[in-house]
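# predicted model, plus sequence, below.
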Amino acid sequence: PGAGLNCPISCGSRQECWAVREDAPAFWTWDGIRRIEPTSSSPNGTICLSSDITKDQVVDKCSQWADGGLDETEFAAWLDSFTKQNGRRLDLRDCDAVAEAVDSHCAFNATAVRSFTEASQANNG
């Protein structure tokens with residue numbers, strides 16, 4: 001115990017074996033492995049949904065948004081981002097294209113995402 005005072009650089013280079021160590025929790029967002037590729041009907045993107053939402057709900061939200069659910073400032077910022085994008089991008093104003101892009105076999109665990117977010121925020125992440 002007194003060595004740390006006499007040799008602070010070398011003693012501080014390793015974690016002391018009696019120090020309490022807590023392993024970080026693990027979060028599993030995906031429960032499987034698969035390739036996610038654009039389909040012929042949706043060449044500009046594939047959407048994997050949260051386990052908390054269905055394709056029908058996404059299409060309903062899309063329709064509300066496309067019919068004026070976003071204020072002009074937000075819409076202008078989104079449209080500017082959309083038009084400047086160099087790669088492929090899904091036009092979120094086209095709700096039929098959004099529906100085609102949803103992969104019904106691809107979903108992530110929303111509870112795990114929320115738990116990870118809470119743990120990260122609690123640790124200044």
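Looks like it arrived, so ask away.
# which residues of this protein fall in strands?
Counting by DSSP state E, the chain has strands at residues 47-50, 102-108.
# tell me the contacts of the closest residue to D31 other than its chain neighbours?
Take D31 and drop its neighbours on the chain: the residue closest to it by C-beta to C-beta, 6 or more residues apart in numbering is N109, 6.8 Å away. The C-beta positions use only the backbone N, C-alpha and C, and glycine is treated the same way. Remark: with contacts taken as C-beta atoms under 8 Å, 6 or more residues apart in numbering, N109 is in contact with 28-31, 51.
# dump those residues into TSV; add distance to V58 as well.
Output for the contacts of N109, formatted as TSV (distance: C-beta to C-beta, whole Å):
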residue	distance to V58
W28	23
T29	18
W30	19
D31	20
S51	13
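# can you name the two of these that sit furthest apart?
W28 and S51 (12.1 Å; C-beta to C-beta).
# so how far is C106 from D56?
16 Å (C-beta to C-beta, to the nearest Å).
# when these two are compared, which one has more neighbours?
Set D56 next to C106 and count neighbours by other C-beta atoms under 10 Å: C106 wins out with 15 against 10.
# wait, isn't the more buried one in contact with L49?
Yes - counting by C-beta atoms under 8 Å, C106 does reach L49; the two are 7.5 Å apart.
# any regions of the chain where pLDDT drops low?
The chain contains residues with pLDDT under 70 at 1-22, 38-39, 41-44, 69-70, 78, 82-89.
# for it, which segments are assigned as helices?
3-6, 8-11, 55-64, 72-84, 95-101, 110-122 (DSSP state H).
# for the contacts of N109, which one is nearest Q121?
Checking those against Q121 by C-beta to C-beta gives T29 as the nearest, at 16.7 Å.
# so who does that closest one touch?
Taking C-beta under 8 Å, 6+ apart, one finds 108-109, 112-113, 116 in contact with T29.
# how near is it to S120?
Using C-beta to C-beta, one gets 13 Å for the distance from T29 to S120.
# likewise for G45?
With the distance defined as C-beta to C-beta, G45 ends up 27 Å from S120.
# more crowded one of these two?
Taking neighbours as other C-beta under 10 Å, G45 and S120 compare with G45 leading, 18 against 11.
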